[in-house]
Each structure stands twice: as C-alpha cells, then as structure tokens.
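J.: Got a predicted structure here, sequence first:
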Amino acid sequence: MKKLKQPFLLKNVIKNYEWGQKGEKAFIPNFLGTKAKKNVSYAELWMGAHPNGPSKIRLENRWVELGEAIQKYPKEILGNSKKELPFLLKILSAEKVLSIQVHPNKNQAEE
C-alpha cells in the first residue's frame with residue numbers, strides 16, 4: 001500500500017450566486033485569506049467530491065479531483081474502503097434572504 005503525505009491540501013470551489021456577499025466584507029474571501037474581486041458575489045464554498053464543484057486534492061505532486069483520488073486511495077483518504085465521500089460541506093455567505101432548501105433522496109421525494 002502506498003503511503004500518501006498527509007494532511008492533504010485541498011483547493012475548493014466557490015459558487016458565485018447572485019445572493020452572495022460582495023466587497024471587502026464578503027465572508028468567504030476573508031475566511032480564505034484572499035482579496036475579494038470587485039462586483040463578484042461569494043455565495044458558497046464547497047468542500048467535497050460533488051460533480052458540480054469537486055474539490056481538488058494535492059497528490060503525488062499534482063492536483064486531481066477529490067472523487068478521482070478517493071476512487072484510487074479510499075482507505076488512505078477516507079479511512080475505509082468506501083469509494084464515495086458521504087457529504088458535501090458548504091459554507092454559505094448570504095447577503096440576501098434565502099429560502100429553506102431540502103434535498104431529499106429518490107425514496108424520500110416519492111414518499
């Protein structure tokens with residue numbers, strides 16, 4: 001089994017939805033220690049392997065999508081043999097009021 005250098009460095013995806021915070025007080029750029037771009041909405045920071053915004057992980061001196069890395073090294077990354085990250089962590093930074101969102105699975109939606 002290959003020994004991977006830990007902790008793993010991630011590059012995460014920022015979603016720029018219209019309702020997100022803008023300007024120098026925007027939470028997400030401040031949280032990341034970066035400067036906010038003018039007139040850009042910083043709404044969500046995604047950390048995970050979701051296909052619509054996968055994090056990238058630094059492995060073997062290159063950046064790869066987190067899902068790809070988990071498929072190759074599930075035990076080393078997740079600590080078990082499952083090949084799927086069971087959650088998507090989102091940090092929200094809302095400037096405008098949001099509705100409540102529910103994301104049921106297929107069985108829950110049918111019920």
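T.: Looks like it arrived, so ask away.

J.: now the residue most central in space within the chain: how far from Val64?
T.: Compute the mean C-alpha point of the chain, and by CA atoms, centre = their mean the closest residue is Met47, 1.9 Å away. From Met47 across to Val64, the span is 15 Å (CB to CB, to the nearest Å). Any C-beta I mention is one placed from the backbone N, CA and C, and that applies to glycine too.

J.: What of Glu111?
T.: Distance from Glu111 to Val64, by CB to CB: 38 Å.

J.: With Lys38 instead?
T.: Taking CB to CB, one finds Lys38 at 32 Å from Val64.

J.: more neighbours, the two?
T.: Between Lys38 and Val64, counting by other CB atoms under 10 Å, Val64 is the more crowded of the two (15 against 8).

J.: so the more buried one is in which element?
T.: Taking DSSP states H and E as the criterion, Val64 maps to strand 62-65.

J.: so who does Gln21 touch?
T.: Phe27, Ile28, Ser41, Tyr42, Ala43, Ser93, Ala94, Glu95 (CB atoms under 8 Å, 6 or more residues apart in numbering).
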